[in-house]
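J.: Pasting the sequence and the predicted coordinates here, then a few questions.
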Amino acid sequence: MRTYGDVSPGAPRLSARLLSTEQVPADLPWWRVVRADGTLAVGEEQRRRLWAEGVPFKGDRVDLDLARIPHEP
């Protein structure tokens, strides 16, 4: 799991906008990027895909303490 800020530290809203377009390549796992608080930007489709992959949730949010990929130094 990554957040939009992880993907694009200086412009998280830009990465969110780009991943939400219909021109995202089919093999790009857009559903694995969530908001900084663990909420989902895309909704039920994103939740279904994450759940199928075994991503842990705390209520309606991804449990980023468990699921977030650590930053590489």
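T.: In hand now; what should we look at?
J.: tell me the strands in this structure, going along the chain?
T.: 2-3, 33-34, 57-58, 61-62 (DSSP state E).
J.: What helices and strands are in contact with the first one?
T.: Translated: strand 2-3. strand 33-34 (3 or more CB pairs under 8 Å, 6 or more residues apart in numbering; DSSP states H and E). Where C-beta positions appear, they are placed from N, C-alpha and C, glycine not excepted.
J.: which strands and helices sit next to the strand it packs on?
T.: Strand 33-34 packs on strand 2-3, helix 4-7, helix 12-19, going by 3+ CB pairs under 8 Å, 6+ apart.
J.: hmm, who's touching the longest one?
T.: Contacts with helix 12-19, where a contact means CB atoms under 8 Å, 6 or more residues apart in numbering, come from Thr3, Tyr4, Gly5, Val7, Ser8, Val24, Leu28, Trp30, Val33, Arg35, Ala36, Ala41.
J.: Those into TSV, with extra columns for neighbour count, pLDDT and distance to Ala16?
T.: What follows is the contacts of helix 12-19, written out as TSV (neighbours: other CB atoms under 10 Å; pLDDT from 0 to 100; distance: CB to CB, whole Å):
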residue	neighbour count	pLDDT	distance to Ala16
Thr3	20	91	10
Tyr4	21	90	5
Gly5	16	89	10
Val7	16	86	9
Ser8	17	87	8
Val24	12	73	12
Leu28	11	83	14
Trp30	17	87	10
Val33	23	91	8
Arg35	16	93	8
Ala36	11	92	11
Ala41	14	86	6
